[in-house]
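> Predicted model follows, preceded by the sequence.
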Amino acid sequence: MTTVTETARTYGNWRRPRRPGLGQLGLVGTVGVFAGIIIVLVATMMSIYVAGVALFLLAIALAPMVVRTADGRNLYQMVAVRIGWRRRVAKKEHLYVSGPLSKRPGGRYRPPGVLSRVKVAEGRDAYGRPFGVIHHRGENLYVIVLVCEPDGGSLVDPDQVDTWVAMWGDWLAQLAHEPNLKGASVVVETAPDPGTRLANEILPRLRDDAPPAARAVMQEVVASYPSTSSEMHTYVTLTYGVPTGKKKTQEEVITDLAIRIPGLMNGLIGAGGGSAEPVSAEGIADIVRVAFDPAVAADVLEARVEHGRTGIKWADAGPMAAIETVDAYKHDSGVSRSWMLTVAPRGTVRSGVLRGILEDLPGTRRKRVAILYRPVDAATAAKIVESDRKAAQFMATASGGMVRARASAEIEAAEQTASEEATGAGLVEFSLMLTVTVDSPSELPDISAAIRNRLGASRLSVRQADRMQAMAFACTLPVGILPWKLTLLPQELQEAM
């Protein structure tokens with residue numbers, strides 16, 4: 001008689017790319033150090049006092065680059081956020097009013113902020129299904145949105161879960177080979193079930209000659225069921241750019257995207273995405289409209305059930321008024337607070353590590369968890385893993401004592417990553433953002449405490465998106481915003497700092 005012991009599969013080995021340069025200085029700080037040394041040496045030829053002043057100024061300029069937070073930001077970057085916030089407040093850019101009585105041209109309710117310059121068009125894929133195309137005119141990016149109905153992990157064999165995770169990893173790896181793809185995201189939105197669909201399914205079917213007890217039971221189900229249930233939607237956004245030097249019309253871009261949609265959806269279905277289909281232009285407007293005004297969620301759902309459509313256009317999907325504060329974002333009938341990931345779970349985790357934050361949270365109007373992906377092409381991935389491998393070996397050689405154990409673990413992780421990349425695995429940079437919407441600001445402290453408890457169970461380290469609440473709110477919407485494309489400094493310079 002033999003006994004077979006099954007061990008639960010774990011996942012991990014994600015690592016932050018090492019910043020080039022000396023220690024915490026980064027590449028920019030390292031260049032500043034060497035340039036400053038040259039200046040000090042030249043100053044010593046003039047006067048020892050001049051050299052002392054130059055050395056003092058160099059230390060003051062470089063000290064803020066050494067002090068860093070858990071997510072790698074230095075003092076210069078934190079000060080820049082505060083200065084940017086004060087400038088927006090001084091210009092009253094943290095306030096937004098739209099509609100016929102506002103100063104906005106056209107008298108429409110356009111979405112604010114980074115969504116103000118967005119246009120939405122529509123095309124049809126190979127199967128004749130309509131799909132919306134979001135055009136971010138500032139960066140000339142085009143976004144398609146797919147909606148999925150995941151199968152879920154309850155009562156599913158571990159082998160099937162492992163297969164889904166492997167297929168999902170393979171789908172993400174294939175994104176690096178998707179032409180002109182700039183980024184992707186998965187947005188999981190949960191909200192209390194208003195009961196509209198249940199009522200429309202049951203109440204019209206009640207017979208007049210049915211027993212009173214049976215009618216009472218069904219009416220009680222319709223009245224009480226929504227209070228203990230929630231609705232969940234999963235959206236996958238894919239953001240594409242236009243090749244440099246090539247001019248394409250919008251019709252050509254939409255035709256190109258229509259060809260890709262069936263293959264992308266097949267990959268999602270194989271990864272446990274369940275039924276998947278593209279979201280129409282009107283569907284995208286509905287999602288954004290409900291996010292800004294949660295009170296109309298039941299009306300939007302009822303219009304879909306009764307008429308099959310809502311008639312909402314993108315130009316009317318925004319709020320009537322919105323106010324951004326340091327730690328919250330007030331919009332129409334809701335108040336939102338957002339968090340950003342700082343450190344991924346340390347060590348290894350199981351496949352259900354995010355289940356706690358993805359499930360519905362009682363007391364909220366809506367909750368969105370957005371996982372942002374930035375695929376890395378094969379050539380760049382090879383350079384990154386090789387650089388991390390050399391850096392880990394150097395740290396292990398230079399360290400001693402108790403630090404050597406951590407350095408050895410770094411070497412093992414770097415070697416495993418390099419081996420997997422060499423055998424065809426993809427490299428993807430990722431982050432996570434979370435937005436919770438409630439009815440009033442007084443509910444935010446309790447909801448924040450509940451969020452911290454769930455994040456602790458998921459082993460995630462996050463921070464509030466203070467002074468960036470409006471941007472974080474927009475980034476968690478399924479509209480394909482890529483935060484690294486909207487920074488004041490170029491992306492390469494940001495990474496070098």
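Happy to help now that I have it.
> contacts and neighbour counts: CA atoms only from here.
Will do.
> So what's the residue count around Arg337?
Residue crowding around Arg337 was assessed by other CA atoms under 10 Å; the count is 27.
> Nearest spatial neighbour of it, chain-adjacent residues omitted?
Ala328 (4.8 Å; CA to CA, 6 or more residues apart in numbering).
> again with Phe131
Ser280 (4.1 Å).
> mind listing what the one you found touches?
Going by CA atoms under 8 Å, 6 or more residues apart in numbering, Ser280 touches Glu122, Pro130, Phe131, Gly132.
> those strands in the stretch 151-300 of the chain, which residues are they?
For the stretch 151-300 of the chain, the strands defined by DSSP state E, counting those that start in this stretch cover 181-192, 230-241, 275-278.
> okay, these, which one's buried deepest?
Highest mean neighbour count of those: strand 181-192, a mean of 24 (counted as mean count of other CA atoms under 10 Å).
> contacting residues around Met471?
Applying CA under 8 Å, 6+ apart to Met471 gives the contacts Gly113, Val114.
> related to what we said a few turns ago, so which of the strands of the stretch 151-300 of the chain is nearest Asn453?
Nearest to Asn453, of all the strands of the stretch 151-300 of the chain, is strand 181-192, at 17.8 Å by CA to CA.
> strands paired with that closest one, and their directions?
strand 230-241 (antiparallel), strand 366-376 (antiparallel) (DSSP bridges).
> what sits up against the shortest one?
Going back to what we said before, that points to strand 366-376. Contacts for strand 366-376 (CA under 8 Å, 6+ apart): 172-173, 175-176, 182-192, 291, 294, 357-358, 360-361, 426-438, 475-477.
> try the longest one
Counting by CA under 8 Å, 6+ apart, the neighbours of strand 230-241 from elsewhere in the structure are 140-150, 180-193, 360, 478-481.
> If you count neighbours, what's buried in the helix or strand where Ala35 lies?
Per DSSP states H and E, Ala35 falls inside helix 26-46. If you call a residue buried by 16 or more other CA atoms under 10 Å, then helix 26-46 has these buried ones: Gly26, Leu27, Val28, Gly29, Thr30, Gly32, Val33, Gly36, Val40, Ala43.
> Tell me the one of those nearest Leu155?
Distances from Leu155 to the buried residues of helix 26-46, taken by CA to CA, are shortest for Gly26, at 48.1 Å.
> which stretches of the stretch 151-300 of the chain form helices?
158-175, 196-202, 212-224, 250-268, 281-292, 297-307 (DSSP state H, counting those that start in this stretch).
> Could you identify which of those has the lowest mean pLDDT?
The minimum mean pLDDT among these belongs to helix 196-202 (a mean of 68).
> Check which helix or strand Tyr49 maps to.
With DSSP H and E as the test, Tyr49 turns up in helix 48-66.
> what is the rounded mean pLDDT of that helix?
On average, helix 48-66 scores 80.
> got the contact list for that helix?
With CA under 8 Å, 6+ apart as the test, helix 48-66 has contacts from 24-26, 29, 32-33, 36, 39-44, 74-76, 497.
> any idea how far it is from the chain center?
40 Å (CA atoms, centre = their mean, to the nearest Å).
> ditto for stretch 345-352
Averaged C-alpha coordinates place stretch 345-352 at 19 Å from its chain's average position (CA atoms, centre = their mean).
> Report the buried residues of it.
Pro345, Val349, Ser351.
> I'm done for today, thanks for sticking with me.
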